[in-house]
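Chemist: Mind folding the following:
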Amino acid sequence: MESPLIEFKDVTKRFGAKSVLERVNLQIYEGQVTTIIGLSGSGKSVLLKHIIGLIEPDEGTILFKGKPLSEMKKSESAANLAQISYMFQDNALFDSMTVYENIALPLRETTNLSKAKIDQRVMARIEQTELKDAAHKYPSELSGGMQKRAALARALVTDPRIVLFDEPTSGQDPVRKNAILGMIAQYQRKFGFTAILVSHEIPDVYFISNRILALYERSIVFQGSPEELENFDHPFKEEVIRSLEGLQKELTGLYSKRQFKVMHHVQLKQTTSGATYCVAVFSLDDLDIIRAGAGHDAAQVAIRSLGSYIDKHFGAIGGFSTRRRSNEFVTVLPYSDLKEAESILKDFAKDFQERGIHDIRAGARKRTTSAGGVEFTVLAGIAQGQPVADIDSVIDAAKTQQKEIARLRYDGRRYSR
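Modeler: As a prediction, the model looks like this:
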């Protein structure tokens, strides 16, 4: 098995008589997105500060690439910490500096690079994070989303191997929370760094994380994949997973994946012999291209609008839906056959093209700052299943049948079908 990049062994931290972390054990693997979840005040930020060396444990061991930090020479420890960058909860941009100056600051303070080399690296990050038009503006002149991008560009300018994100979505509305997480995931794939996030809110965590760590009552009570978290049986679930499901409903009006599976299981129990059901799979095509052309906020509005419209339309006729991937929704139509489901989908496609797409148009227009052009393309496909069929195979079959049902062209501030 792959060796952890970072490992905690029985790490305990106390502040006076108060124990914040108690015999914490965890593993973080290179090249992954790891999210540490837990209730507010549970010690997530304290845990994060141990990784970057701002806090040392009272007991236990922290290992970097298999070697205890406590056994490293000062120069070796400094070299390892230099590979880590930190994106603060409130961005921590300096108001008196331009975006360019904020991003350049780590290079000016921690390297001996020439002015020309610094300029080259700063401008590269500015272009890669789509901030070219904002390079000489001050933070107060930027939108919240652009401030986040500037903070991320500053975190990435030193070419770190690891980036720590402390509550990156705190205080944001549901659309912006998911837009920020989508931005982090996109740049993690682009630059290949190891991302470690902490959050007491859990928007979209299933869709961006390779690995989840759950901090509860001072200890790590779960670590594993998002899929494994769905079946996790622990009091933690009642307090934290419930908030995930509530937020999922808030974001899209849909069920969480765990609730969706329960609904499907109940529906199968009530199905008579020989009965069929149908699955519809909806996708917002080329999500990364949409994010690049219209911005993360506008892309998130499009996702939310599509999900809400699916729930409104199919929920009224007994269907139940979930968001399966970042840009993909799945709906089960109980007791339907293929002919009936195709007729329902045809009516939905017509209604969505005429009315539903207005939600995307109106919402995206408010949220985007881009002057580029992009197309929002919605795909849908249907397949029929029987109680004995594995629903994942029916979903896969529906995906192979996907066709375009709606298209919206965005060009600057103008929209057309």
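
Chemist: Wait, Q186 touches D288, no?
Modeler: Yes - using C-beta atoms under 8 Å, Q186 is in contact with D288, at 6.1 Å. Any C-beta I mention is one placed from the backbone N, CA and C, and that applies to glycine too.

Chemist: between the two, which one's more packed in?
Modeler: Q186 (18 against 15; other C-beta atoms under 10 Å).

Chemist: Please report how far the more buried one lies from I208.
Modeler: Using C-beta to C-beta, to the nearest Å, Q186 is found at 9 Å from I208.

Chemist: now swap in I344 and tell me
Modeler: For I344, the distance to I208 equals 32 Å [C-beta to C-beta].

Chemist: Name the residues of the longest helix that the chain contains that come out as buried.
Modeler: Longest helix of the chain, by residue count under DSSP state H: helix 296-315. With burial defined by 16 or more other C-beta atoms under 10 Å, the residues of helix 296-315 counted as buried are 296-311, 313-314.

Chemist: in terms of contact count, name the helices or strands touching that helix.
Modeler: Under the contact criterion of 3 or more C-beta pairs under 8 Å, 6 or more residues apart in numbering; DSSP states H and E, helix 296-315 touches helix 174-191, helix 242-252, strand 277-284, helix 287-294, strand 320-325, strand 328-333, helix 338-351, helix 357-367.

Chemist: rank the ones you listed by pLDDT, which is bottom?
Modeler: Confidence, taken as mean pLDDT, is least for helix 242-252 of the helices and strands packed on helix 296-315 (a mean of 48).

Chemist: need the helices for the stretch 51-200 of the chain, in chain order.
Modeler: 74-81, 99-110, 115-128, 144-156, 174-191 (DSSP state H, counting those that start in this stretch).

Chemist: mean pLDDT for the ones you listed: which is lowest?
Modeler: Lowest mean pLDDT within the helices of the stretch 51-200 of the chain: helix 174-191, at a mean of 75.

Chemist: Would you work out how far apart the start and end of stretch 53-72 are?
Modeler: 13 Å (C-alpha to C-alpha, to the nearest Å).

Chemist: Need the residues that contact it.
Modeler: When contacts are defined by C-beta atoms under 8 Å, 6 or more residues apart in numbering, stretch 53-72 is touched by residues 3-14, 21, 23-24, 46, 49-51, 77, 80-81.

Chemist: Residue ranges in the stretch 1-150 of the chain under the pLDDT threshold?
Modeler: Filtered on pLDDT under 70, the stretch 1-150 of the chain yields the residue ranges 1, 89.

Chemist: ok so, going back, so can I have TSV of the helices of the stretch 51-200 of the chain showing distance to A349?
Modeler: TSV is the format used below for the helices of the stretch 51-200 of the chain (distance: least, C-beta to C-beta, whole Å):
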stretch	distance to A349
helix 74-81	54
helix 99-110	43
helix 115-128	37
helix 144-156	31
helix 174-191	25
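
Chemist: Can you tell me which of the ones you listed is most buried?
Modeler: helix 144-156 (a mean of 23; mean count of other C-beta atoms under 10 Å).

Chemist: Contacts for it, please.
Modeler: Helix 144-156 has contacts (C-beta under 8 Å, 6+ apart) with 85-88, 91-93, 99, 102-103, 105-106, 125-126, 128-131, 134, 139, 142, 163, 168, 172, 176, 179-180, 183-184, 187, 191, 193, 295-297, 369.

Chemist: Recalculate using a threshold of 6 Å.
Modeler: Residues outside helix 144-156 that contact it (C-beta atoms under 6 Å, 6 or more residues apart in numbering): 85, 87, 91, 99, 102-103, 125, 129, 131, 134, 139, 163, 180, 297.

Chemist: Then stretch 83-103?
Modeler: Stretch 83-103 is contacted by residues 52, 122, 131, 134-139, 147, 150-151, 153-155, 157, 160-167, 170 when judged by C-beta under 6 Å, 6+ apart.
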